[in-house]
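K.L.:
my questions concern the predicted model and sequence given below.
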Amino acid sequence: MQLSRLAIDDLVAIEPRRFGDDRGFFSEIFREEWFRREVADVALVQENHSLSRRAGTIRGLHFQAPEHPQGKLVRVARGRIWDVAVDIRLGSPTFGQHCAIELSAENGLQLWIPVGFAHGFCTLEPDCEVVYKVSDYYSAANDRGLAFDDPALGIVWPCDLAGATLSEKDRRHCGLAELPDYFVHGG
Ligand SMILES: Cc1cn([C@H]2C[C@H](O)[C@@H](COP(=O)(O)OP(=O)(O)O[C@H]3O[C@@H](C)C(=O)[C@@H](O)[C@H]3O)O2)c(=O)[nH]c1=O
């Protein structure tokens with residue numbers, strides 16, 4: 001496993017080793033003791049899998065309120081996505097800033113997004129399957145969102161926003177300025 005830290009503190013990209021041969025490859029994609037030692041000492045208790053049929057599908061930006069916050073370890077099993085994490089930790093020197101990386105089935109990269117970030121992605125090709133482990137269980141009552149197109153975030157999504165596929169829920173999130181006081185940096 002190769003690990004690289006992104007420009008915002010605590011965001012980590014992980015590149016699992018692949019053993020290639022004539023059949024294809026073998027790769028360990030998660031090893032708990034390594035993850036807890038090298039990345040974050042948290043248990044990952046739920047695993048999710050989504051399929052997005054169309055290129056230019058945007059999901060996000062999502063997080064759970066501090067009663068049930070989630071760190072997320074994200075990877076792509078099929079296709080390519082532009083994965084975005086926005087720092088919403090109050091008091092963080094990078095509050096409101098984001099990092100984005102391409103995750104694909106081909107590059108095998110994973111992104112660790114700790115508690116205190118809003119997460120979303122845009123699919124770069126049809127039929128993208130995204131698989132991610134999370135550090136707390138889903139809680140509908142604590143499901144929160146941030147507008148993916150809030151100009152204050154300055155996210156350049158690599159797709160045609162006018163034609164993007166979105167859930168009804170994701171069309172209605174508030175902007176950064178309206179976010180209630182959720183996470184405290186270092187808290
Ligand atoms: C996220 C989630 C949703 N659901 C249900 C609620 C709803 O009926 C249906 C679809 O939910 P959503 O529209 O919220 O799915 P989606 O837009 O794919 O939500 C996901 O987006 C990405 C960007 C994330 O970061 C995830 O944490 C998650 O919020 O699935 C669960 O049962 N468990 C879960 O963990």
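P.N.:
Now that the structure is in, tell me what you want to look at. Numbering: from 1, shown residues only.
K.L.:
how much space between Arg172 and Ala147?
P.N.:
Separation of Arg172 from Ala147 (Cβ to Cβ, to the nearest Å): 8 Å. No exception for glycine: its C-beta is placed from N, CA and C like everyone else's.
K.L.:
neighbour count: the two, which is higher?
P.N.:
Ala147 (21 against 10; other Cβ atoms under 10 Å).
K.L.:
I'd say Leu3 and Ala13 touch.
P.N.:
Yes. Taking contacts as Cβ atoms under 8 Å, Leu3 lies within contact range of Ala13: 7.4 Å.
K.L.:
more neighbours: those two, which one.
P.N.:
Ala13 (18 against 14).
K.L.:
excluding its backbone neighbours, what's nearest the more buried one?
P.N.:
Ser4 (4.9 Å; Cβ to Cβ, 6 or more residues apart in numbering).
K.L.:
please list the residues of this protein that sit near the ligand.
P.N.:
Within reach of the ligand by Cβ under 6 Å from any ligand atom, the chain has these residues: Asn48, Ser50, Arg59, Gly60, His62, Lys72, His119, Gly120, Phe121, Tyr138, Ser167, Lys169.
K.L.:
can you lay out those residues as CSV showing pLDDT?
P.N.:
Formatted as CSV, these follow (pLDDT from 0 to 100):
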residue, pLDDT
Asn48, 98
Ser50, 98
Arg59, 98
Gly60, 96
His62, 98
Lys72, 98
His119, 98
Gly120, 98
Phe121, 98
Tyr138, 98
Ser167, 98
Lys169, 97
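K.L.:
brilliant, that's me finished.
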